[in-house]
Structures are given as structure tokens and as C-alpha cells.
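Sequence and predicted structure are below.
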Amino acid sequence: MIDALYVLYMRNVADKKALRAASFGSLIHILTAFTVISYTQDIRYIVPLVLGSFLGAYITVKYIS
């Protein structure tokens, strides 16, 4: 599932579709966060992860690339 999301993420980055790329990037991080949460038992980890992932990808694709 994560590999498929990476393909969609990269495709949207290449097509310079910032909102879609940011959404797929955030989804990837949400899915991978389950591993960390299983060790830390702290779901608050997801909030900064998703916000940072979304904003970083959106700003990079929209304004830098």
C-alpha cells in the first residue's frame, strides 16, 4: 500500500500538483507512523508529522519546484 502511495506521490510531484502531492505524502507518513506509535504508545506523534509533511510537500511543489 505504501509503495503505491509513493508512486502516486512522485507522479503528482512531477506533474506539479501541490495539493495532491501533499495529501499523498501525508498519507504515507500516517501509515508509517503506526510503527513508531506501537513503540511509544503516544498518538500525539501523528499531529506534527502530518502537518509538517503536508506543508513541506505543498510549499516545495507549489513554490520551489
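That came through, no problem. Numbering: from 1, shown residues only.

CA only for contacts and neighbour counts going forward, please
Will do.

The helix or strand residue 53 falls within packs against which elements?
In the assignment (DSSP states H and E), residue 53 maps to helix 46-59. Applying 3 or more Cα pairs under 8 Å, 6 or more residues apart in numbering; DSSP states H and E, we find helix 46-59 packed against helix 18-40.

Specify the angle between the helix holding residue 53 and helix 18-40 in degrees.
150 degrees (axes from the mean of the first three to the mean of the last three Cα atoms, to 10 degrees).

could you dump helix 46-59 to PDB, C-alpha only?
In PDB, the C-alpha atoms belonging to helix 46-59 read as follows (Å, rounded to 0.1, in the frame of the first residue of the first chain):
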ATOM      1  CA  ILE A  46       0.900  12.000  14.300                       C
ATOM      2  CA  VAL A  47      -0.200  15.600  14.500                       C
ATOM      3  CA  PRO A  48       3.100  17.400  13.900                       C
ATOM      4  CA  LEU A  49       4.100  14.600  11.500                       C
ATOM      5  CA  VAL A  50       1.100  15.100   9.200                       C
ATOM      6  CA  LEU A  51       1.200  18.900   9.400                       C
ATOM      7  CA  GLY A  52       4.900  19.000   8.600                       C
ATOM      8  CA  SER A  53       4.600  16.500   5.800                       C
ATOM      9  CA  PHE A  54       1.600  18.300   4.200                       C
ATOM     10  CA  LEU A  55       3.000  21.800   4.500                       C
ATOM     11  CA  GLY A  56       6.500  20.800   3.400                       C
ATOM     12  CA  ALA A  57       5.400  19.000   0.300                       C
ATOM     13  CA  TYR A  58       2.800  21.600  -0.600                       C
ATOM     14  CA  ILE A  59       5.200  24.600  -0.300                       C
END
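
average pLDDT for it?
Here helix 46-59 scores 93 as its mean pLDDT.

Any buried residues in that helix, and which?
46, 50, 53, 54, 55, 57, 58 (16 or more other Cα atoms under 10 Å).

same thing with stretch 4-23?
5-6, 8-9, 12-13, 16, 18-23.

ok, residues contacting that stretch?
24-25, 27-28, 53-62, 65 (Cα atoms under 8 Å, 6 or more residues apart in numbering).
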